[in-house]
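Asker: Sharing a model that was predicted from the sequence below.
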Amino acid sequence: MTAKGKQFYLDAAQRSAEWHKDYIRKMKQCRFDTIAVHGVYSMQESLDFNQGSIIEPMYMSTSQTYRDSDEMEAALGYEIPTWCYSRIANPSMFYLEGVLALLEGYGSDADTSCVATSSGMAAIHSAVEEFLVVDPKKPGQKINFVATCQVYGGTFQQFAIRKDQERNIEWRKVINSHDIDEWVSLIDENTRFLYGEMPSNPGQAFFDLEKVAQIAHAHNLPMIVDATVASPALMRPIEWGADIVVQSVTKSLMTSGFGIGGAVIARKNLISNIDNDEMKADFAMYLKALPNRDNGPNISPMNAILALNDVRLLRTRMDLCSRNTMKVTEFLSRHKHIEQVDYLGMKDHPLHELASKYMVLVDSEYDELYNEKVNRYGHLMSFRVKGGAQATRDVFDAFQRIWRATDLGRIKSVATIPAISTHSQQGEEGRKISDIPLNLVRLCVGAEHPDDVIADLEQSLAVLDGKKIYVSSPEFSAGGASSATLR
Ligand SMILES: *Cc1c(COP(=O)(O)O)cnc(C)c1O
């Protein structure tokens with residue numbers, strides 16, 4: 001074999017880049033469901049590279065081989081498309097990243113890219129860390145970031161402990177995120193980004209993203225949004241001006257519950273007061289090629305394909321779970337043992353109107369079931385049980401069909417008591433400002449028939465009337481259905 005020379009590979013890369021660009025352009029003309037089903041995996045790619053496999057293959061390989069040293073040199077210099085080594089990239093990861101970039105960018109004219117990570121927490125870390133560098137010309141400068149205090153428990157710990165406490169990077173907490181003036185009052189010249197979770201887990205805090213993103217940009221700052229609870233089927237922050245979206249892929253996106261994963265999706269040419277043009281030009285690709293290459297928080301190819309498989313029916317599933325959640329919410333809000341029910345879909349929720357501006361079932365106007373834009377508010381709701389902490393635990397312990405787990409977005413209904421689980425580490429004070437009392441149960445309604453979820457809630461709430469219920473006995477935990485004993 002004679003050497004082909006590096007130029008041979010650069011030319012081929014150019015042709016391939018053009019082909020891919022054209023493919024993406026065509027894909028962008030398709031509806032959300034089509035993108036979710038096909039993503040960036042084309043018939044041509046299947047036939048040319050993947051033995052005609054109609055489903056995206058799982059590339060369980062650490063690394064990629066090269067035809068010769070010229071190709072290797074061009075690849076490792078990032079001059080041609082390559083995946084090199086699965087800590088950096090991998091074809092299976094690429095299929096997931098491609099589809100998530102398209103889905104988050106859907107409906108907007110923004111150009112988006114995505115880097116997938118090993119978890120939602122790794123995604124949040126990746127999304128914010130590049131902005132937290134201290135200007136070498138200003139040693140000792142105390143930098144800060146402005147972020148909603150109603151965030152996922154893990155995010156609270158990452159911000160409060162890993163950044164604020166350990167590294168002296170101030171987390172300026174937005175207590176009432178729907179109050180625009182509060183955001184403005186916290187920003188100064190040492191602020192590096194604005195961050196908000198919406199709807200928040202479990203409190204369902206919500207803010208007017210369009211306005212907050214404008215404020216961010218007026219201060220030359222990026223707007224980062226954790227949109228895990230809604231997923232791109234119900235809300236796409238980039239369309240409203242956000243620069244970066246983080247997803248815990250583990251949740252709404254990977255509903256089957258097969259694994260943990262995360263993603264950072266960013267618009268190209270984002271705004272930031274950090275002097276780093278390469279980072280701003282294509283944030284997600286910058287992360288992938290440099291910081292994440294060096295820090296190593298990538299998703300595994302297996303989890304990427306499992307997630308990809310769940311994403312295909314995202315729109316239909318989020319619609320179904322939203323409708324089920326609404327029905328369960330209506331039941332709970334009428335129940336005598338329930339003190340308060342919080343669901344953004346309820347007309348009397350103080351943030352209902354604001355949420356309705358953002359939470360719309362994508363493409364419902366093209367769905368013959370609806371033929372118009374319909375609001376959908378997702379699978380996450382919460383309720384507070386009358387009678388305090390113990391009454392709440394009694395009801396929770398009586399669930400027969402709703403799973404007790406610190407999880408959400410599942411195809412099965414799952415509930416937790418956040419104050420003693422997901423949000424226990426942040427302490428009483430932290431829970432107080434985030435409004436997470438001991439009698440609050442977070443319930444994420446799955447795809448079961450809602451009447452059966454309601455029946456389970458009904459029988460478990462009946463313990464407060466003194467009804468005895470069947471519980472599973474630990475001695476017989478391997479015995480399946482026969483392990484039920486009367487308490
Ligand atoms: C679960 C969750 C995360 C963290 O994701 P992991 O995949 O568990 O690391 C971040 N944000 C929200 C809103 C979550 O629910």
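Answerer: Here it is on my side, so go on.
Asker: CA only for contacts and neighbour counts going forward, please
Answerer: OK.
Asker: residues from the stretch 101-250 of the chain in reach of the ligand?
Answerer: 119, 120, 121, 152, 201, 228, 229, 248, 250 (CA under 6 Å from any ligand atom).
Asker: Now with 5 Å, please.
Answerer: 119, 120, 121, 152, 228, 248, 250 (CA under 5 Å from any ligand atom).
Asker: Number of residues surrounding the closest residue to residue 60 other than its chain neighbours?
Answerer: Sequence neighbours aside, residue 301 is the residue nearest to residue 60 in space, at 6.3 Å (criterion: CA to CA, 6 or more residues apart in numbering). Neighbour count for residue 301, taken as other CA atoms under 10 Å: 24.
Asker: could you check the distance from residue 301 over to the ligand?
Answerer: 16 Å (CA to the nearest ligand atom, to the nearest Å).
Asker: May I ask you to confirm that that residue is in contact with residue 92?
Answerer: Yes: counting by CA atoms under 8 Å, residue 301 sits close enough to residue 92 to count as a contact (5.3 Å).
Asker: Could you tell me which residues touch both of the two?
Answerer: 58, 59 (CA atoms under 8 Å, 6 or more residues apart in numbering).
Asker: Please name the residues that touch the closest residue in space to residue 200 that isn't next to it in sequence.
Answerer: Once flanking residues are discounted, residue 200 sits nearest to residue 151: 5.6 Å by CA to CA, 6+ apart. Contacts for residue 151 (CA under 8 Å, 6+ apart) come out as 196, 197, 200, 201, 202, 434.
Asker: Any chance of the backbone angles for residue 15?
Answerer: Here is the backbone geometry of residue 15 (degrees, to the nearest 10): phi -60, psi -40.
Asker: Sort out for me which of the residues of the stretch 101-250 of the chain next to the ligand are in strands.
Answerer: residue 248 (DSSP state E).
Asker: how long is stretch 379-395 from one end to the other?
Answerer: 20 Å (CA to CA, to the nearest Å).
Asker: oh, I was asking about stretch 62-77
Answerer: Using CA to CA, one end of stretch 62-77 lies 19 Å from the other.
Asker: Now do the same contact list for the residue in the chain that the ligand sits nearest to.
Answerer: For the chain, the residue closest to the ligand is residue 120, as judged by CA to the nearest ligand atom, at 3.3 Å. Neighbour list for residue 120: 246, 247, 248, 249, 250, 260, 261, 262, 263 [criterion: CA under 8 Å, 6+ apart].
Asker: ranges for the helices of the stretch 51-200 of the chain?
Answerer: Assigned helices in the stretch 51-200 of the chain, in chain order: 69-76, 91-105, 120-129, 153-157, 166-167, 180-186 (criterion: DSSP state H, counting those that start in this stretch).
Asker: Which of the contacts of residue 120 has the largest number of neighbours?
Answerer: residue 263 leads these on contacts (other CA under 10 Å) with 32 neighbours.
Asker: where does the nearest residue to it once chain neighbours are set aside sit relative to residue 200, distance-wise?
Answerer: Spatial nearest neighbour of residue 263, excluding adjacent residues (CA to CA, 6+ apart): residue 116 at 4.2 Å. Shown here: residue 116 relative to residue 200, a distance of 21 Å by CA to CA.
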